[in-house]
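# Provided below are the primary sequence and the corresponding predicted coordinates.
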Amino acid sequence: MESIPSHSARDYLERLRTDRRVAQAWETLGSSLALAGSDKLLRTLLVCSTQPQEGKTTVATHLAMVAALAGERVLLVDADLRRPRLHTLFGIPIECGFADLLEGRAAFADVARPFDLGADARGALHVVPSGAGSAASVPLLASQQLADVVAALGANADKVIFDSPPALSVSDALFLAPAVDGVVFVVGAGEVAKREAVLAKERIANSGARLLGFVMNRFDDAKHGPGYHPYHAYYEG
Ligand SMILES: Nc1ncnc2c1ncn2[C@@H]1O[C@H](COP(=O)(O)OP(=O)(O)OP(=O)(O)O)[C@@H](O)[C@H]1O
Ligand SMILES: [Mg+2]
């Protein structure tokens, strides 16, 4: 995606509402993903990448917003239990979230925080933070609890988008990936060594996940030349 200067969820929403070009780029990404999985309903999606800072949280948030603005009931879930960021981005408390669902100490109604998209919005966006002390719940990602929680979240939304930690640093994404309907792989342009990205991609693919495609994030037209797309090579995994 092209450069996005703003750093809060409100700023992202404002830009999506006012800059048609930006909105269109994210909408096209959303519909490309839907097309990549056209033979199957893609209700639950994981956004992952090889290493830190490639744009997972940014991509997950924008995908959630454009889907909600288009009329879907969307849940954006912070499944980065180690370095959660959605609560900061959205200015909501970190307490009571995804980790609490995994631990079985909270119900859906306790964890989903509504985000106001504006009076004219056709859909709805709820954010599920990681939960305080969520790193302690990491081992539960490898348990049956995960599938149950994903199913429970899916029962409450048209679309559930999970943010995740980097796939090459820790194995969390390898547990999350096969538990969802499809995986979006973010590649920070110029940020990641090709060899590492290929390795991370292979690990995700080998986890039994359905890789929907790649998003090339932070594309700089000046550097990469005109005609470059912010994402490419969608395929069915
Ligand atoms: N397309 C973009 N244009 C400009 N800045 C961006 C873009 N994408 C991400 N950033 C910025 O880069 C930083 C890292 O992005 P983000 O938090 O989305 O990455 P991440 O992969 O989730 O990182 P982490 O692995 O640490 O969770 C943030 O400050 C974000 O605002
Ligand atoms: Mg992140």
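Everything's here; your move. Computed from a prediction, not measured in an experiment: that's the story for all the values here. Residues are numbered from 1 along each chain as shown. Ligands and ions are numbered 1, 2, ... in the order given.

# Val186 against Asn217, yeah?
Yes: contact criterion Cβ atoms under 8 Å: Val186 and Asn217 qualify, at 5.3 Å. Bear in mind the C-beta positions are built from the backbone N, C-alpha and C, glycine included.

# looking at the two, which has the bigger crowd around it?
Val186 (27 against 23; other Cβ atoms under 10 Å).

# who does that one form a beta bridge with?
Ser49, Val215 (DSSP bridges).

# list the contacts for it?
Contact analysis of Val186 by Cβ atoms under 8 Å, 6 or more residues apart in numbering lists Val47, Cys48, Ser49, Glu54, Gly55, Lys56, Val59, Phe214, Val215, Asn217.

# those residues: which ones sit near ligand 1?
Ser49, Glu54, Gly55, Lys56, Asn217 (Cβ under 6 Å from any ligand atom).

# let's verify the second one: helix, strand, or coil?
Recorded secondary structure, Glu54: coil (DSSP: H, G, I helix; E, B strand; the rest coil).

# wait, what's in contact with the nearest residue to it once chain neighbours are set aside?
Of all residues not flanking Glu54 in the chain, Gly188 sits nearest, at 3.3 Å (Cβ to Cβ, 6 or more residues apart in numbering). Going by Cβ under 8 Å, 6+ apart, Gly188 touches Ser49, Gln51, Gln53, Glu54, Gly55, Asn217, Arg218.

# the second one: neighbour count?
One way to gauge burial is a neighbour count; for Gln51, by other Cβ under 10 Å, it gives 17.

# counting neighbours, what do you get for the closest residue to it other than its chain neighbours?
What sits nearest to Gln51 in space, not counting adjacent residues and going by Cβ to Cβ, 6+ apart, is Pro166, at 4.8 Å. By the criterion of other Cβ under 10 Å, Pro166 has 22 neighbours.

# how about Gly104?
Gly104 has 11 neighbouring residues, counting by other Cβ under 10 Å.

# helices along the protein, start to end?
In the chain, the segments counted as helices under DSSP state H are 9-18, 20-36, 56-69, 86-90, 98-102, 108-111, 144-154, 172-176, 194-206, 221-224.

# TSV for those helices, including mean neighbour count and distance to ligand 2?
Shown next, in TSV, are the helices of the chain (neighbours: other Cβ atoms under 10 Å; distance: least, Cβ to the ion, whole Å):
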stretch	mean neighbour count	distance to ligand 2
helix 9-18	17	13
helix 20-36	16	17
helix 56-69	25	3
helix 86-90	21	8
helix 98-102	26	14
helix 108-111	15	19
helix 144-154	17	19
helix 172-176	23	11
helix 194-206	16	15
helix 221-224	10	23
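
# least confident of those helices, on average?
The minimum mean pLDDT among the helices of the chain belongs to helix 221-224 (a mean of 59).

# and the closest residue in space to Val150 that isn't next to it in sequence, what does it touch?
Sequence neighbours aside, Ala179 is the residue nearest to Val150 in space, at 5.0 Å (criterion: Cβ to Cβ, 6+ apart). Counting by Cβ under 8 Å, 6+ apart, Ala179 touches Thr44, Leu146, Ala147, Val150.

# can I get the residues you listed in a markdown table including distance to ligand 1?
Listed next are those as a markdown table, based on distance: Cβ to the nearest ligand atom, whole Å:
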| residue | distance to ligand 1 |
| --- | --- |
| Thr44 | 19 |
| Leu146 | 20 |
| Ala147 | 24 |
| Val150 | 20 |
